[in-house]
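[1] what follows is a predicted structure for the sequence shown.
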Amino acid sequence: MEIGMLYKLGLGTLAAAMLLSTASFAATFDFDSEPPVTNEAGGAPLTFSNGGTDLSIYGWDGTTSAYAYHDSGYKSGIGVCKGVDVVGGAGGDNASGNTNECDQSWDDNMQADEWLDFVFTSGQTTVNTLTIFGPHNNYGASTVWIDVDGGGNSWQEYAVVNNMVNLNLNTSAFSVKEKEQYEAYVGGLTTVPVPAALLLFGSALIGFAGLSVRRKAA
């Protein structure tokens, strides 16, 4: 079979595989409604898994490590808390006595200089949209800060429309920070994992293309 025919066949196979992957592995992380709904919790990190996508979320206060915090209630989600009750008791948020609840000395949403780092431990992932809320209300600003590579080193403004941010990122990590000192929660993400097999297959197609070009040149 000619190299050109192999290349065309490979393109068709890759396109079909990508469509199947998108349909089969698309994952929605709905932090506003999924557990814990009644028992709030902080973590360093918080971890989630859905549809083949494994996610770790880290909280930061400037350059100081904090807790990513899963809040409950209307229009809530993931925020940042500087300290949690690790043994329970009456000092937790809402004084419920549950362990890992945000201490009453601190708030549990993102405020000035606080941010969240989202790390896909399962590998490269396409992040389509992000939902962001204010403190149990609509988000108060028209933009939000995003670091498309994660780590909180290079922030870019992204538009927020009806609490929704269109990201369309292909990444293994990204960061989120509220804008203009509006308090905020990340309410959810829609993602599609990029299987390693597809990445390798794409590399093989590039190789086929190079062979085809060299053959024509000869």
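    Looks like it arrived, so ask away. Numbers count the residues shown, from 1 in each chain.
[2] please save the CA atoms from the helix or strand hosting residue 48 in CSV.
    Per DSSP states H and E: residue 48 is located in strand 46-50. The C-alpha trace of strand 46-50 is given here as CSV (Å, rounded to 0.1, in the frame of the first residue of the first chain):
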residue,chain,number,x,y,z
LEU,A,46,-8.9,17.5,47.1
THR,A,47,-9.2,14.6,44.6
PHE,A,48,-12.0,13.6,42.2
SER,A,49,-12.4,11.0,39.5
ASN,A,50,-14.9,10.8,36.7
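[3] packing partners for it?
    For strand 46-50, the helices and strands in contact under the criterion 3 or more C-beta pairs under 8 Å, 6 or more residues apart in numbering; DSSP states H and E are strand 27-30, strand 53-61, strand 64-70. No exception for glycine: its C-beta is placed from N, CA and C like everyone else's.
[4] now do 10 Å
    strand 27-30, strand 53-61, strand 64-70, strand 114-120, strand 185-193 (3 or more C-beta pairs under 10 Å, 6 or more residues apart in numbering; DSSP states H and E).
[5] any chance of those in a markdown table, plus mean pLDDT, distance to residue 153 and mean neighbour count?
    Output for the helices and strands packed on strand 46-50, formatted as a markdown table (pLDDT from 0 to 100; distance: least, C-beta to C-beta, whole Å; neighbours: other C-beta atoms under 10 Å):
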| stretch | mean pLDDT | distance to residue 153 | mean neighbour count |
| --- | --- | --- | --- |
| strand 27-30 | 90 | 24 | 18 |
| strand 53-61 | 95 | 12 | 21 |
| strand 64-70 | 94 | 15 | 22 |
| strand 114-120 | 97 | 11 | 23 |
| strand 185-193 | 92 | 19 | 24 |
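[6] would you tell me which of the ones you listed gets closest to residue 162?
    Nearest to residue 162, of all the helices and strands packed on strand 46-50, is strand 185-193, at 11.8 Å by C-beta to C-beta.
[7] how about the helices and strands packed on strand 46-50, which one is nearest residue 41?
    That would be strand 64-70 among these, by C-beta to C-beta, at 5.3 Å.
[8] tell me the angle that closest one makes with strand 53-61.
    Orientation check (axes from the mean of the first three to the mean of the last three C-alpha atoms, to 10 degrees): strand 64-70 against strand 53-61 gives 130 degrees.
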